[in-house]
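**Q** Show me how the following folds:
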Amino acid sequence: MSRPVIGIIGNSHLISDSYFVQAAGDMNMQAVREVCDGLPLIVPADPDMVDINDLMCACDGFIFPGGRPNVHPEEYGEEETPAHGDFDRGRDRVALPLIRACVDVGMPILGICRGFQEINVAFGGSLYPEIRDLPGRDNHRMPPDGTIEEKFAMRHTITFTDGGVFHRLMGKREVMTNSLHGQGIKVAGPRVIIDGTAPDSTPEAIHIADAPGFAMGVQWHPEYQASLDMVSRPLFEAFGQAAAAYAQGKRAPLRKSA
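**A** Model prediction:
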């Protein structure tokens, strides 16, 4: 049996101040290959380069990874301010309709960091531009300096809803995660179920109510050491199983990793 093809939404980068590329992180591709047992495929986040229907025919599931630019506030009915940071309107125009289309047909999706935020916005939710500026909230951004190990170090716990999707998947109600984000959910979309929170009540794990397939998002970065981390591995394994099942025309139930 061939491996499921997992589309990883790219991010636009400028090399040497003159050459634009679409890229995806090695960590996400390694997680797809090593844990999902899938074939990673970088998807240009440019609506002039791709068609939603063509993408869904070519792939068996999609990962919406992190990225430095933020979802434009216009997508959730707010005015742009300096606090909202940089934007990538091309990715907005690819990711948001693709998320909705995948959920409609049951194609598996996994949102990570910005992808987590995209899932919320795609289903009618809104975002805070800067979590650390809110009263009682912690700084969820990564350290500005240090090694990659220091940037992706475990930073705080996540508590899942008792008996919820993430609790059943992980086999425990509380886990430790890294933290590398500035924005976060302000208002959850009508179908967005907040299934896990940080100690300061920041939403960190979501899924889509009544989705016919795997439709989950996390605010942390599970791709870091995904094959070794006991929180990351079951998440990617379940996503990979769902993508493989979708490729065969059926769905696999979520089940806890052994």
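**Q** Buried residues, the helix or strand bottoming out on mean pLDDT in the chain. List them.
**A** Within the chain, no helix or strand scores below strand 11-15, which has a mean of 84 by mean pLDDT, DSSP states H and E. For strand 11-15, the neighbour count (16 or more other C-beta atoms under 10 Å) marks 11, 12 as buried. All C-beta spots, glycine's among them, are computed from the backbone N, C-alpha and C.
**Q** How far does it sit from its chain's centre?
**A** Distance, stretch centre to chain centre, for strand 11-15: 19 Å (C-alpha atoms, centre = their mean, to the nearest Å).
**Q** How about residues contacting that strand?
**A** Applying C-beta atoms under 8 Å, 6 or more residues apart in numbering, the external contacts of strand 11-15 come out as 20-24, 45-46, 65, 67-69, 88, 90-91.
**Q** quick one: which of these is nearest residue 141?
**A** The nearest member of the contacts of strand 11-15 to residue 141, counting by C-beta to C-beta, is residue 68 at 11.6 Å.
**Q** Skip the chain neighbours and tell me the closest residue to the closest one.
**A** residue 86 (6.5 Å; C-beta to C-beta, 6 or more residues apart in numbering).
**Q** Residue 72 versus the one you found, what's the distance?
**A** 10 Å (C-beta to C-beta, to the nearest Å).
**Q** quick one, which of those two is more surrounded?
**A** residue 72 (18 against 9; other C-beta atoms under 10 Å).
**Q** any idea whether residue 132 is helix, strand or coil?
**A** helix (DSSP: H, G, I helix; E, B strand; the rest coil).
**Q** Count the neighbours of the nearest residue to it once chain neighbours are set aside for me.
**A** Nearest non-adjacent residue to residue 132, counting by C-beta to C-beta, 6+ apart: residue 139, 4.2 Å away. Residues near residue 139, counting by other C-beta under 10 Å, number 14.
**Q** That's all I had, so thanks and see you.
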